[in-house]
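Student: With the input below, show me the fold.
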Amino acid sequence: MKRLAHGIAASLLLACSFLAHAEWPERPIKIIVPFPPGNSSDVSMRILGEKLAIRLGQPVLIENRVGAGGTLGTAAAAKAAPDGYTLAMGSTGPLSIGQWLRPDSMPYNPTKDFVAIGAVAWAPQVLAVRKELPVANFKEFLDYGRKNGNTLNYGSSGNGTTPHLVIAQLVSEAKLHAEHIPFQGGSQALTSLVGGQIDFMSDNVPVVRSAIEAGLIKPLAVSSAKRIPSLPNIPTIAEQGVPGFDYQGWIILVGPGKLPPGIAARLNAEVDKIMKMPDVRKRMSDLGLEPMDMQRSDLAGFLDSESKKWKEVVRVSGAAETTR
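Tutor: You can find the predicted model right below:
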């Protein structure tokens with residue numbers, strides 16, 4: 001009888017949660033994007049917000065809060081009222097990497113301060129080399145980088161960024177001789193690659209695609225486990241000599257940790273429907289992103305595994321020492 005009573009009580013509480021928020025949303029919703037306007041992650045949230053606004057019957061506004069590698073805007077989302085009117089874009093840096101780069105100064109707990117709402121997209125990277133580097137493919141690149149006397153240098157969008165850590169992991173696993181040169185953004189690193197000042201770099205598709213199409217740099221591999229549908233002729237690192245290599249960014253929708261279950265469930269259902277729409281999937285692919293297609297029930301385990309994975313990558317890279 002006690003078990004039955006507890007079960008009934010739990011069901012009533014859940015039902016009350018749904019009823020209490022049955023009228024949600026009654027006003028505009030804000031999604032905080034912790035990165036600048038115009039990049040692929042920002043545009044992905046604008047696509048999602050567009051569709052959410054139609055389905056929820058309320059405007060969905062995008063607010064860019066930039067700074068501290070994405071942790072500034074993410075911290076603001078963590079402190080927001082858990083009423084369903086402030087959500088945020090969650091991504092690899094702020095939710096998996098930042099805690100290991102700045103363990104003593106993180107303004108939020110990625111696990112406790114957020115609830116994962118829905119999966120949006122993967123953000124794979126392309127490894128490219130300067131046009132004059134005497135290699136024609138990834139195998140030749142590995143041979144060249146392993147040869148005694150050959151020390152390559154690579155650029156990234158900054159210490160501890162995902163592009164930096166992806167290459168740091170590759171350098172470690174492939175046993176290359178390479179030196180890191182950090183820049184203030186991916187576009188600056190690309191300019192130096194085109195100009196021949198650095199040997200190679202890895203970054204998201206939108207950063208390097210135009211230079212690839214113009215023949216200004218040579219793409220050798222992609223960092224994801226599978227080839228990118230929008231660039232199908234570029235093989236993966238894993239299929240070219242570094243088995244199991246799979247390091248890429250991702251984008252999800254999150255809310256403050258105490259977001260009511262009824263609102264979280266409604267949002268998850270809408271995000272899932274939106275991410276199955278053919279036009280949304282095409283627009284994401286055009287951005288160099290790939291729809292994530294992950295159930296909400298799997299997101300918690302995914303975030304836990306990503307946290308452990310990137311902790312080791314940060315350790316290997318030594319990036320934590322340079323960002324404190």
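
Student: so after the lengthiest strand in the chain, what's the next helix or strand?
Tutor: Longest strand of the chain, by residue count under DSSP state E: strand 114-123. From strand 114-123 onward toward the C-terminus, using DSSP states H and E, the following helix or strand is strand 125-130.

Student: residues touching G186, list them.
Tutor: Going by Cβ atoms under 8 Å, 6 or more residues apart in numbering, G186 touches S156, S157, P163, M201, D203, N204, V207. (C-beta placed from N, C-alpha, C; glycine too.)

Student: any idea which of the residues you listed is the one closest to F138?
Tutor: Taking Cβ to Cβ as the measure, F138 sits nearest to M201 out of the contacts of G186, at 14.4 Å.

Student: Distance check, that closest one against Q188.
Tutor: The spacing between M201 and Q188, counted by Cβ to Cβ, to the nearest Å, is 10 Å.

Student: shared neighbours of these two, anything?
Tutor: Common neighbours of M201 and Q188, counting by Cβ under 8 Å, 6+ apart, are G155.

Student: These two - which one has more neighbours?
Tutor: When M201 and Q188 are compared on other Cβ atoms under 10 Å, the one with more neighbours turns out to be M201, at 30 against 15.

Student: Just the element for the more buried one, please.
Tutor: Here M201 is covered by strand 200-204, with elements defined by DSSP H and E.

Student: so what strands line up beside that strand?
Tutor: When sheet partners are counted by DSSP bridges, strand 200-204 sits next to strand 125-130 (antiparallel), strand 152-156 (parallel).

Student: Please identify the buried residues of the helix or strand encompassing T191?
Tutor: For T191, the element it lies in under DSSP H and E is helix 186-194. Taking 16 or more other Cβ atoms under 10 Å as the neighbour-count basis, helix 186-194 is seen to contain the buried residues G186, A189, L190, S192, L193, V194.

Student: so Q184, which of the three states?
Tutor: Here Q184 takes the coil state, with states given by DSSP: H, G, I helix; E, B strand; the rest coil.

Student: Surely it and N159 touch.
Tutor: No: Q184 sits out of contact with N159 when judged by Cβ atoms under 8 Å, with a separation of 10.8 Å.

Student: who's more crowded, the two?
Tutor: Neighbours of Q184 and N159, each counted by other Cβ under 10 Å, are more numerous for N159; the result is 19 against 9.

Student: quick one: the closest residue to R209 other than its chain neighbours from D203, how far?
Tutor: Take R209 and drop its neighbours on the chain: the residue closest to it by Cβ to Cβ, 6 or more residues apart in numbering is G288, 6.5 Å away. Per Cβ to Cβ, G288 is found 10 Å from D203.

Student: more neighbours, these two?
Tutor: With other Cβ under 10 Å as the criterion, G288 and D203 differ in neighbour count, and D203 comes out ahead with 30 against 23.

Student: ok, which stretches of the chain are helices?
Tutor: Using DSSP state H, the helices of the chain run over 2-20, 40-56, 71-79, 92, 98-101, 138-146, 162-174, 186-194, 205-213, 261-275, 278-286, 296-317, 319-323.

Student: Tabulate the CA atom coordinates of the fifth one in CSV.
Tutor: Presented in CSV, the C-alpha positions along helix 98-101 are these (Å, rounded to 0.1, in the frame of the first residue of the first chain):
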residue,chain,number,x,y,z
GLY,A,98,36.0,24.9,-20.0
GLN,A,99,35.7,23.1,-16.6
TRP,A,100,39.1,21.5,-17.3
LEU,A,101,40.8,24.6,-18.7
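
Student: Show me what that helix is in contact with.
Tutor: Outside of helix 98-101, the residues within contact range by Cβ under 8 Å, 6+ apart are 69-71, 74, 106, 110, 160, 307, 310-311, 314-315, 319-320, 323.

Student: Next, give me the two most distant ones among those.
Tutor: T74 and R315 (22.2 Å).

Student: Looking at the two, which one has more neighbours?
Tutor: A side-by-side neighbour count of T74 and R315, using other Cβ under 10 Å, places T74 first with 29 against 11.

Student: circling back: can you give me every residue that contacts the residue nearest to R209?
Tutor: Counted by Cβ under 8 Å, 6+ apart, G288 has contacts S40, A123, P124, N204, V205, P206, R209, I228, S230.

Student: backbone phi and psi for it, please?
Tutor: Reported as degrees, to the nearest 10, the phi and psi values for G288 are phi 90, psi 10.

Student: I'd like the distance between it and T92.
Tutor: Separation of G288 from T92 (Cβ to Cβ) stands at 15 Å.

Student: same deal with Q188?
Tutor: Using Cβ to Cβ, one obtains 21 Å as the distance from Q188 to T92.

Student: still on that earlier bit, roughly how far is the strand holding M201 from the heart of the chain?
Tutor: Here the centre of mass of C-alpha atoms in strand 200-204, compared against the chain's by Cα atoms, centre = their mean, to the nearest Å, lies 15 Å away.

Student: Alright, I will stop here.
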